[in-house]
Structure formats: C-alpha cells, structure tokens
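Asks: for reference, the sequence and a predicted model appear below.
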Amino acid sequence: MHHRRRGLFFLLFITVAHTVTGGAATAQNLDLVLTGGRVMDPASGLDAERDVGIRDGRVVALSESRLAGRTTIDARGLVVAPGFIDLHAHGQDPVSNAFQAADGVTTALECETGVWPVARWIESRRGHAVVNYGATAGHMAARIKVIAGIDAGQRSTQTEAVRDRIAAMGPTPDWSHRAATDAEIEQMAALLRQGLDEGGLGLGFGLAYTPGATHSEIFRLFAVAAERGVPAFAHLRAQEDFHDQSALATVQEVIADAAGSGASLHIVHLNSTADREAQECLRMIRGARERGVDVTTESYPYTAGSTRIESARLDHWEEESGGRYDLLQWLETGERLTKETFEKYRKEGGWVILHGRSEEASEWLVAQPDVMVASDATPFVGGLSHPRSAGTFSRVLGHYARERQTLPLMQTLAKMTILPARRLVGVAPAMKRKGRIEVGADADLTVFDPATIIDRATYEAPAQTSAGVAFVLVGGVLVVRDGKAVEGVFPGQPVLGDR
C-alpha cells in the first residue's frame with residue numbers, strides 16, 4: 001500500500017508538472033504560435049517537432065507540448081528554420097524585398113559594395129523595409145564622393161538626379177579609373193570611418209569597378225577595417241588586371257591585404273570570381289584560414305552573373321570572353337548582344353546578364369559546408385532582374401539539396417543562417433539574436449515545405465516568387481502567409497554595426 005501511494009503520488013506529480021508547464025506557456029499571452037512544425041536550428045543542432053511561441057518580436061517558448069496564442073499557425077509537415085540572412089543583396093527597395101521575403105530571406109544586407117553616406121541611407125529605408133536591412137561603408141561610394149563630389153548612396157535607392165550626374169561622366173570616369181592621390185586616400189579613409197560611426201557593418205570594396213584604385217590604396221583602407229575590428233567585403237579585381245589572368249591572383253591580393261593589415265575578409269560570390277578555378281581558390285582560402293587569417297566566402301547557385309553594362313567591370317569583356325558578345329543578354333529585351341549592340345548599350349547604360357560559367361563549379365560550391373549562400377540580388381526594374389534576385393535560397397534547397405543531394409538539409413540551412421550571422425556577430429549586436437531558433441532570439445523565421453520548395457524565377461521571366469515557402473516572419477510579423485505576400489507591412493529593422 002505504501003508503494004502504491006508513492007506511485008500514485010509520483011504520477012500525480014508528473015501530471016501536475018505537465019499541466020503547469022502547459023499552463024505557463026498558455027499564460028504567457030503569446031502573440032503567435034507555430035505549432036507542430038519540424039524545428040531545424042543549425043546553431044544548436046535541434047531537429048525535432050516543437051511548438052514555437054512568439055511575443056513582442058522574440059521567440060519566448062520552444063515546447064514539446066502544445067502552446068496557445070492569439071494567432072496559431074499549423075506548421076505540421078513543414079520545416080521551421082531561422083530566417084535566411086543574405087549578406088549580399090543590392091535590391092534594397094520594397095519591390096525587391098518582397099521577392100526576397102518570398103524566397104525565405106528575413107535580413108538582406110548590402111555588404112559587397114556598401115553605401116555612403118551610411119546614416120542617410122539607413123534613414124531612407126526606415127519604415128519602408130519588408131525585411132531587415134543594413135550595409136557596409138562603401139569604398140566605391142567614398143571614391144565617388146572624394147573624386148567627383150557626389151553623395152552616391154546606394155544604386156536602388158539613388159535619386160534620378162544622382163544617377164544622371166554619375167552617368168554624365170561617361171564610361172571611364174575619374175572616380176573609377178584614376179589613381180587617387182595620398183591626400184584623397186586619406187579623405188576616403190575618413191569617410192569610411194564616418195560610415196562605421198554611423199552604423200556600417202564593415203567596409204565594402206568593389207575592386208572590379210574601381211580599376212584606378214592601386215594596390216597601395218586598397219591595402220591602406222584594409223588597415224582601416226583592421227583598426228576598427230570590422231570585416232572587409234570584397235568583389236575581387238578583374239582577372240585581366242593581372243598578367244597571368246588567373247582567379248588565383250585576384251584572391252591572393254585580398255588575402256595578402258588581410259594578412260598584412262590584420263583585417264577580417266569576406267570574398268563575395270566565389271562562383272563568379274573563380275568559376276572553373278573554384279576548387280583551387282577555396283583551397284587557398286581554407287589554407288589562409290587555417291593559418292590565422294579570418295577569411296570567409298559565399299556563392300550563388302547560377303551560371304550567369306549580372307551587372308551594369310557601362311561599368312568598369314566590362315571594360316575587358318572582349319578579352320575576358322574571347323569575343324563572345326553573345327554571352328551577354330540585355331535585360332530589357334532578352335536579346336543576346338553583338339559587338340555593335342554592346343557598344344550601343346554601353347553608351348545608354350543598363351543591366352546585362354553575363355552567361356557562360358560552369359555548372360559543375362557552381363554545384364561543387366553549393367556542396368561545400370563552409371561556403372555561405374548569398375544572392376547578389378539586383379534590383380527589380382520594371383519587373384525585370386536576374387533570377388537570383390527571387391530564387392537563390394529556394395534553388396539551393398530545392399534543386400541542389402533535395403534533387404541533387406549536394407549536402408544534408410541541416411548543413412545547407414547553416415550556410416543560410418548561422419554562418420552569415422556569425423560573420424557579423426562581432427560587429428552588429430543584433431546578429432546575436434538572428435540566424436538561430438532559441439528563447440530570446442528574434443522571431444525572424446522561415447517556414448517551408450522541404451518536399452516542394454523550389455525557385456520559379458527564370459532569365460526570361462524573373463519576377464516569379466519561389467514555391468514551397470509557406471510563412472515568413474520578420475520580428476514576429478508575418479510578411480508571407482500561406483505562400484503569399486502580406487501587403488502593407490514593413491517590419492524590417494536596421495542592422496547596425498557598433499564599431
């Protein structure tokens with residue numbers, strides 16, 4: 001009898017304890033609950049069915065038992081993942097953000113080329129952002145300010161007057177093609193420090209777009225990144241600027257600058273930079289990292305790039321392509337170019353798609369667990385863009401991870417969430433709460449169907465949202481619901497550096 005009483009007491013204790021746990025969760029007055037989903041958190045390794053409770057924009061409960069909230073979303077059969085963090089997104093406007101959100105992105109950052117002035121650009125986006133936003137202090141924009149006297153801001157949020165002033169300088173303007181004086185380099189350094197004071201996430205370098213910038217200029221400005229403890233994000237120089245025309249040489253330059261200055265380094269779109277030399281370039285990056293250089297990289301899952309046709313990036317196109325102008329596709333009409341139309345459109349200016357890269361190299365990079373996913377999303381202009389601007393993350397998850405089985409789902413998600421968060425966590429305090437699902441984390445969440453997620457955007461019809469992305473929350477606010485954009489909500493907050 002004594003043992004029976006002890007057994008009954010133990011059973012009663014368990015029952016009461018379970019009731020109290022459930023009651024406490026219910027009593028939290030949750031704003032929203034995602035119930036029954038497969039929570040996958042690469043930061044902790046959690047991969048299990050959980051209810052996720054959200055209040056005031058944060059995750060406040062992860063429960064094996066059912067929670068109750070003012071709004072409940074049935075996530076059964078779906079993966080609940082941290083919202084995707086895109087370190088490399090040029091489409092910094094509400095239309096472009098809507099396509100990014102439909103691809104599972106909750107934070108889209110302009111880290112490659114950056115912006116200047118930083119504070120003014122951040123304020124211009126406040127209250128108009130579907131997803132979280134932020135930027136580095138941009139070397140290219142600082143160069144435009146010092147040499148041309150123009151506050152360039154950021155391409156997709158520039159005024160028409162600013163665009164016209166920059167375009168009026170022609171295809172080889174001083175700001176991109178002329179070597180800077182020592183005094184001008186010091187002025188650029190001062191502007192970049194100001195940009196960091198205003199919340200810049202590091203320094204952004206578009207070296208292929210500023211061929212006039214000497215090796216000395218870049219090394220001296222990497223030293224500013226080292227001085228302030230922030231990363232340098234680098235689009236590497238054109239291979240044609242080096243005698244052996246090898247991608248290795250372009251990687252060597254920035255790794256040497258990082259090692260010599262002490263700066264952290266992030267090399268953007270290795271697929272675009274290295275192409276068929278990707279494996280050797282990544283060996284170099286890994287070797288530098290193993291020997292103490294803080295260097296990371298990223299790729300996007302397409303065999304074509306995109307840029308402005310009038311930019312310095314295409315100064316050497318005939319040499320780079322062996323005269324293959326047909327590899328260029330004019331975005332506005334979809335036509336493939338000839339030498340004549342290339343020269344015509346270069347005078348007009350506009351977006352062009354660059355075809356011809358290796359699918360084998362692209363797939364290999366997607367399969368590397370230490371290569372982050374980043375879109376290089378360009379702005380949607382008149383409903384047109386590169387398909388990477390709408391489909392990057394879903395393409396990696398659907399085509400590569402599921403169909404091609406390049407990498408397990410958890411490792412694939414890490415490349416989109418915790419790895420980019422860690423790249424910036426030492427600079428931006430907000431990143432401590434992003435890229436993960438845990439109590440106290442920001443409720444930036446992406447809920448998708450692993451069996452159906454796929455990109456639908458194409459080169460011919462880029463303005464198509466991804467399939468299989470069911471719900472996306474930014475700061476606890478639904479921006480995608482039942483696979484459709486929620487109109488009129490702009491919960492995106494600035495992600496600011498504090499260096």
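Replies: Looks like it came in fine.

Asks: right, and residue 230 touches residue 204 too?
Replies: No. With contact defined as CB atoms under 8 Å, residue 230 and residue 204 do not form a contacting pair (10.5 Å). Heads up, the C-betas are built off the backbone N, CA and C, glycines and all.

Asks: who has more neighbours, those two?
Replies: residue 204 (31 against 26; other CB atoms under 10 Å).

Asks: just the pLDDT at that one, thanks.
Replies: The model reports residue 204 with a pLDDT of 98.

Asks: contacts only, for the residue nearest to it when sequence neighbours are not counted.
Replies: Distances taken as CB to CB, 6 or more residues apart in numbering place residue 114 nearest to residue 204, at 2.9 Å, with adjacent residues excluded. Residues in contact with residue 114 (CB atoms under 8 Å, 6 or more residues apart in numbering) are 135-141, 195, 200, 202-204, 233.

Asks: look up the closest residue to residue 73, ignoring the ones flanking it.
Replies: Closest residue to residue 73 in three dimensions, ignoring its sequence neighbours and counting by CB to CB, 6+ apart: residue 34, at 5.2 Å.

Asks: and the one you found, how close does it get to residue 179?
Replies: Residue 34 sits 55 Å away from residue 179, going by CB to CB, to the nearest Å.

Asks: these two: which has the busier surroundings?
Replies: Neighbour totals were compared for residue 34 and residue 179, and residue 34 leads with 27 against 13 (other CB under 10 Å).

Asks: so that one is in which element?
Replies: strand 30-41 (DSSP states H and E).

Asks: give me the helices and strands touching the next helix or strand after that strand, please.
Replies: Per DSSP H and E, the first helix or strand lying C-terminal to strand 30-41 is strand 46-55. On a contact count with 3 or more CB pairs under 8 Å, 6 or more residues apart in numbering; DSSP states H and E, strand 46-55 meets strand 30-41, strand 58-63.

Asks: hey, C-alpha coordinates of the first one in CSV?
Replies: What that stands for is strand 30-41. Output of strand 30-41 as CSV, limited to C-alpha atoms (Å, rounded to 0.1, in the frame of the first residue of the first chain):
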residue,chain,number,x,y,z
LEU,A,30,1.6,34.7,-26.9
ASP,A,31,1.2,36.8,-29.9
LEU,A,32,1.7,33.9,-32.3
VAL,A,33,2.4,30.2,-32.2
LEU,A,34,3.8,27.9,-34.9
THR,A,35,2.5,24.5,-33.9
GLY,A,36,3.6,21.1,-34.9
GLY,A,37,6.5,22.0,-37.2
ARG,A,38,9.9,20.4,-37.6
VAL,A,39,12.2,22.9,-36.0
MET,A,40,15.6,22.8,-37.5
ASP,A,41,18.2,25.0,-35.8
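
Asks: now the angle between strand 46-55 and it, please.
Replies: Counting by axes from the mean of the first three to the mean of the last three CA atoms, to 10 degrees, strand 30-41 lies at 160 degrees to strand 46-55.

Asks: state the paired neighbours of strand 30-41 in the sheet, together with their directions.
Replies: Next to strand 30-41 in the sheet, as set by DSSP bridges, lie strand 46-55 (antiparallel), strand 69-74 (parallel), strand 79-82 (parallel).

Asks: rounded mean pLDDT for that strand, please.
Replies: Mean predicted lDDT for strand 30-41 stands at 98.

Asks: residue 43 reaches residue 418, doesn't it?
Replies: Yes. Contact criterion CB under 8 Å: residue 43 and residue 418 qualify, at 4.4 Å.

Asks: more neighbours, those two?
Replies: Counted by other CB under 10 Å, residue 43 and residue 418 do not tie: residue 418 has more neighbours, with 22 against 18.

Asks: tell me the contacts of that one?
Replies: If you count contacts by CB under 8 Å, 6+ apart, residue 418 has them with 42, 43, 82, 435, 436.

Asks: mind doing that once more with 6 Å?
Replies: Applying CB atoms under 6 Å, 6 or more residues apart in numbering, we find residue 418 in contact with 42, 43, 435, 436.

Asks: tell me the one among these nearest to residue 169.
Replies: residue 435 (40.0 Å; CB to CB).

Asks: if I look at that closest one, how far off is residue 413?
Replies: Applying CB to CB to residue 435 and residue 413 gives a distance of 10 Å.

Asks: picking up where we left off before, mind listing what's buried along the strand holding residue 34?
Replies: Buried residues in strand 30-41, counted by 16 or more other CB atoms under 10 Å: 30, 31, 32, 33, 34, 35, 36, 37, 38, 39, 40, 41.

Asks: stretch 432-442 now?
Replies: Neighbour-count burial for stretch 432-442 [16+ other CB under 10 Å]: 432, 433, 434, 435, 436, 437, 441, 442.

Asks: CA atoms only for it, dumped as PDB, please.
Replies: Taking C-alpha atoms only, stretch 432-442 is exported to PDB below (Å, rounded to 0.1, in the frame of the first residue of the first chain):
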ATOM      1  CA  LYS A 432      23.500  37.600 -31.700                       C
ATOM      2  CA  ARG A 433      19.700  37.100 -31.900                       C
ATOM      3  CA  LYS A 434      19.500  36.200 -35.600                       C
ATOM      4  CA  GLY A 435      20.300  33.000 -37.600                       C
ATOM      5  CA  ARG A 436      19.100  30.700 -34.700                       C
ATOM      6  CA  ILE A 437      15.900  29.500 -33.000                       C
ATOM      7  CA  GLU A 438      16.200  29.700 -29.200                       C
ATOM      8  CA  VAL A 439      14.400  31.500 -26.400                       C
ATOM      9  CA  GLY A 440      15.400  35.200 -26.700                       C
ATOM     10  CA  ALA A 441      16.200  35.100 -30.400                       C
ATOM     11  CA  ASP A 442      14.400  37.500 -32.800                       C
END
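
Asks: any chance you could list what contacts that stretch?
Replies: Outside stretch 432-442, the residues touching it (CB under 6 Å, 6+ apart) are 39, 41, 43, 59, 82, 85, 417, 418, 421, 425, 444.

Asks: next one: stretch 350-357
Replies: Applying CB under 6 Å, 6+ apart, the contact partners of stretch 350-357 are 275, 303, 304, 305, 306, 309, 327, 328, 329, 330, 331.

Asks: can you check stretch 45-61 too?
Replies: Contacts for stretch 45-61 (CB under 6 Å, 6+ apart): 25, 30-35, 39-40, 62-63, 66-67, 439, 441, 443, 475-476.

Asks: may I have it exported as CSV, CA atoms only?
Replies: Provided in CSV are the C-alpha atoms of stretch 45-61 (Å, rounded to 0.1, in the frame of the first residue of the first chain):
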residue,chain,number,x,y,z
GLY,A,45,21.6,21.1,-33.8
LEU,A,46,17.9,20.9,-32.8
ASP,A,47,15.9,18.9,-35.3
ALA,A,48,12.6,17.9,-33.7
GLU,A,49,8.9,18.7,-33.6
ARG,A,50,8.3,21.7,-31.4
ASP,A,51,5.8,24.5,-30.9
VAL,A,52,7.4,27.9,-31.2
GLY,A,53,5.9,30.7,-29.1
ILE,A,54,6.4,34.3,-30.1
ARG,A,55,5.8,37.5,-28.2
ASP,A,56,6.9,41.1,-28.9
GLY,A,57,9.0,40.0,-31.8
ARG,A,58,11.0,37.4,-30.0
VAL,A,59,10.9,33.6,-29.5
VAL,A,60,9.8,33.1,-25.9
ALA,A,61,9.0,29.4,-25.9
